[in-house]
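S.K.: requesting a structural model of the entry that follows:
(chains A, B, C and D)
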There are 2 protein chains.
Amino acid sequence: MTESDETPNRIIAAAERLFAEGGEDATSLRAITRAAAVNVAAVHYHFGGRDELLRAVLDRKLAPLNARRLDLLADAIAVHDPAVPLDAVLRAFLRPDLELIAELRGSGQVAFCRFMGRAYSQPGPAVAGFMQRQFEPVAARLYPLLRRAIPAVPAAELLVRMRLVVAVITGLFAGATPPGEPGPLDTDDIDEQLDRLVAFLAPGLAAPASLSHTIGGSG
Amino acid sequence: MTESDETPNRIIAAAERLFAEGGEDATSLRAITRAAAVNVAAVHYHFGGRDELLRAVLDRKLAPLNARRLDLLADAIAVHDPAVPLDAVLRAFLRPDLELIAELRGSGQVAFCRFMGRAYSQPGPAVAGFMQRQFEPVAARLYPLLRRAIPAVPAAELLVRMRLVVAVITGLFAGATPPGEPGPLDTDDIDEQLDRLVAFLAPGLAAPASLSHTIGGSG
DNA sequence: GTCTATAACTGGATAGAC
DNA sequence: GTCTATCCAGTTATAGAC
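M.R.: Below is the predicted model:
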């Protein structure tokens, strides 16, 4: 609570806003310090440099996001023990993303959503690895649940399909809209968003593995 | 065929490689001209500046891509006239992307895939609008076919779901791997990739619109 | 059409006074 | 902890010789 702690916070707040608006590459340290009304050297003193600041900004959003994911997955297990149906797994997994998007939209931080989208799909040298480390504990809990929910889908195929699911999440972050406009999912109600999303994703996830491309069904 | 035409081509070729490797922001004009073994001023002479060069690079890949999409859609109409089944529409729509990814992977241009992924989902000021203009004629042909193939899905819902499909495509570009490693779709055979992709996407696209979130099915 | 040279900037980082 | 002053590598763009 010392007054000195205020400086790093001001830096983070300004960086959050500017990384979001201009993108990770287009935002200079000098622009951040100007916006935060602190000195350029302060960033080096408190964070070590530009890259470390970038990671700190992302961590502030990602740590709570994944913590919530783990909570909701634990809840789902508690309720449905032992076998959690696919819909429930997906809802627990996806809800924190929709909540974060809604929160950011609500506070006028649409640009930060796009920034998160970039961080998900195009980490860049400064945050690559960091993103994956954040996601690992979630994956460790998620996959056993999925295997149990849709045992007919082979593990390898499941991995492929979940990668496509993550691509969709990324797209939702990247395509987030300002509060006035309708979002990609065309509603502001998170439960409805979840319904639409799960209705779209679950059938594909649970679908039988394609057998042979000669019997694909297009002929 | 004059020898002078060679310079713009060398510039484009080098830009293609470097925009891919380092990303649109991280790649300087000077790095491009160094790689192309031409002078910095040549870019300004032939293209007008850095942004115009960037657009030219993208156009070289996107124009054939969308032309092929229109061809395949026309083929599908010719074969299935008048009503093209959903699988066939999706295959025609998705195949050019998979072909381009395969071609780029084959020629060691994985990084360019990631670049395309960025261009799709995070256009950036220099290429925003340009991307959409490229896509419009395809959309004009695609949507009527989709409406016919899955008339039960309301137009608004269809639009939402197709946005999710595009997010998946973007993810495939962004997640492209070098020739040795297995790709996101875990096979190098384009027909098999299409099978997997369509098997995952078609059920969700055709699914009945979610009725109410209180009957979602997670209880 | 092509090149050299340079103008006019901006970027991150840091030494050293306070 | 905070600031000034400065370093230096890098950028786009252009004027002007050839």
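S.K.: residues of chain A that sit close to DNA strand D?
M.R.: A:2, A:4, A:6-7, A:38-42, A:45-46 (CB under 7 Å from any atom of the strand). C-beta coordinates here come from the backbone N, C-alpha and C atoms, glycine included.
S.K.: which of those residues count as buried?
M.R.: A:7, A:38, A:46 (16 or more other CB atoms under 10 Å in any protein chain shown).
S.K.: circling back: narrow the residues of chain A next to DNA strand D to those in helices?
M.R.: Among those, DSSP state H puts A:6-7, A:40-42, A:45-46 in helices.
S.K.: which ones are touching residue A:84?
M.R.: Listed by CB atoms under 8 Å, 6 or more residues apart in numbering or on different chains, the contact set of residue A:84 reads A:76-77, A:145, A:148-149.
S.K.: returning to what we had before: redo the ones in helices among the residues of chain A next to DNA strand D as JSON lines? Include distance to residue B:189.
M.R.: Shown next, in JSON lines, are these (distance: CB to CB, whole Å):
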{"residue": "A:6", "distance to residue B:189": "58"}
{"residue": "A:7", "distance to residue B:189": "57"}
{"residue": "A:40", "distance to residue B:189": "53"}
{"residue": "A:41", "distance to residue B:189": "56"}
{"residue": "A:42", "distance to residue B:189": "55"}
{"residue": "A:45", "distance to residue B:189": "55"}
{"residue": "A:46", "distance to residue B:189": "52"}
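S.K.: tell me the least confident of those residues?
M.R.: Least confident entry in those, by pLDDT: residue A:6, with 89.
S.K.: remind me which residues of chain A are low pLDDT?
M.R.: For chain A, the stretches with pLDDT under 70 are A:1-4, A:211-219.
S.K.: would you mind finding the longest helix in it?
M.R.: Max-length helix for chain A by DSSP H is helix A:50-80.
S.K.: hmm, the helix or strand encompassing residue A:142 in reach of chain B?
M.R.: Secondary-structure assignment from DSSP states H and E places residue A:142 in helix A:130-149. No. Helix A:130-149 lies out of reach of chain B by CB under 8 Å from any CB of the partner chain, never closer than 11.5 Å.
S.K.: which of the residues in that helix are buried?
M.R.: Result for helix A:130-149 [16+ other CB under 10 Å]: buried residues A:130-131, A:134-135, A:138, A:141-142, A:145-146, A:149.
S.K.: and whichever helix or strand comes after that helix, what does it pack against?
M.R.: Note on helix A:130-149: by DSSP H and E, the next helix or strand toward the C-terminus is helix A:155-174. The contact analysis (3 or more CB pairs under 8 Å, 6 or more residues apart in numbering or on different chains; DSSP states H and E) places helix A:155-174 against helix A:86-106, helix A:110-121, helix A:130-149, helix A:190-206, helix B:110-121, helix B:155-174, helix B:190-206.
S.K.: want to throw those into a markdown table with distance to residue B:56?
M.R.: Below are those laid out as a markdown table (distance: least, CB to CB, whole Å):
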| stretch | distance to residue B:56 |
| --- | --- |
| helix A:86-106 | 35 |
| helix A:110-121 | 24 |
| helix A:130-149 | 32 |
| helix A:190-206 | 36 |
| helix B:110-121 | 13 |
| helix B:155-174 | 19 |
| helix B:190-206 | 28 |
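S.K.: enumerate the residues of chain A near DNA strand C.
M.R.: Within reach of DNA strand C by CB under 7 Å from any atom of the strand, chain A has these residues: A:27-31, A:40-41, A:44, A:49-51.
S.K.: now a PyMOL select for only the buried ones of those.
M.R.: Here is the PyMOL command that selects the buried residues among these (16+ other CB under 10 Å):
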select buried, chain A and resi 27+29+31+50
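S.K.: now the two most distant members of the residues of chain A next to DNA strand C.
M.R.: Comparing all pairs in the residues of chain A next to DNA strand C by CB to CB, the longest separation belongs to A:27 and A:41, at 18.0 Å.
S.K.: at the geometric centre of chain A, which residue sits there?
M.R.: residue A:97 (5.4 Å; CA atoms, centre = their mean).
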